[in-house]
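**Student:** Okay, sequence plus prediction incoming.
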Amino acid sequence: QFQLVESGGGLVQAGGSLRLSCRALGIRFDFQSVGWFRRAPGKEREGVSYLATGGGHTYYADSVKGRFTISTDDTKSTVYLQMNGLKPADTGVYYCATTPSPWIRYREDEYQSWGLGTQVTVSS
């Protein structure tokens with residue numbers, strides 16, 4: 001298992017942007033499925049975006065498609081979630097998770113390592 005640290009959350013007005021970062025301590029995201037999940041107040045945790053670092057494939061939930069972008073840097077030491085056009089419905093705790101895989105894994109129970117989360121609050 002990897003130790004993951006998320007950062008970049010905060011309070012932003014509707015329409016604003018935030019960039020979340022997920023850093024894996026001491027290792028790189030080589031041939032991993034990396035997911036960003038969020039838990040909105042009173043709701044179950046849901047997957048919002050995924051990246052297979054081996055092939056670069058990405059997936060976005062319909063609710064964030066066209067607004068969020070998942071990416072990694074050249075060293076694959078950090079995975080980012082660029083969030084534009086934020087809405088109050090995007091409010092929640094955002095978690096990154098990773099598991100060894102050549103392709104995207106979609107289920108939470110398939111992920112071995114999780115961060116502690118970062119709070120995103122979007123005001124109307």
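**Tutor:** Okay, I see it. Numbering: from 1, shown residues only.
**Student:** in the helix or strand containing residue 37, what's buried?
**Tutor:** Using DSSP states H and E, residue 37 sits within strand 32-39. Neighbour counts over strand 32-39 (16 or more other C-beta atoms under 10 Å) mark 32-38 as buried. (Glycine included, C-beta is placed from N, CA and C.)
**Student:** Next: stretch 58-75.
**Tutor:** 59-60, 64, 68-70, 72.
**Student:** list the contacts for the closest residue to residue 100 other than its chain neighbours?
**Tutor:** Nearest residue to residue 100 in three dimensions, chain neighbours excluded: residue 32, at 6.0 Å (C-beta to C-beta, 6 or more residues apart in numbering). By C-beta atoms under 8 Å, 6 or more residues apart in numbering, the contact list for residue 32 reads 52-54, 98-101.
**Student:** what sits against the nearest residue to residue 52 once chain neighbours are set aside?
**Tutor:** Among residues not flanking residue 52 along the chain, residue 104 sits closest, at 4.8 Å (C-beta to C-beta, 6+ apart). Shown in contact with residue 104 (C-beta under 8 Å, 6+ apart): 33, 50-52, 57-59.
**Student:** could those residues go into JSON lines alongside pLDDT?
**Tutor:** Formatted as JSON lines, the contacts of residue 104 follow (pLDDT from 0 to 100):
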{"residue": "33", "pLDDT": "97"}
{"residue": "50", "pLDDT": "98"}
{"residue": "51", "pLDDT": "97"}
{"residue": "52", "pLDDT": "96"}
{"residue": "57", "pLDDT": "96"}
{"residue": "58", "pLDDT": "97"}
{"residue": "59", "pLDDT": "98"}
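**Student:** What pairs with the strand holding residue 37, parallel or antiparallel?
**Tutor:** strand 45-52 (antiparallel), strand 92-100 (antiparallel) (DSSP bridges).
**Student:** re earlier: please tell me which one of the contacts of residue 32 counts the most neighbours.
**Tutor:** Within the contacts of residue 32, neighbour counts (other C-beta atoms under 10 Å) peak at residue 98, which reaches 25 neighbours.
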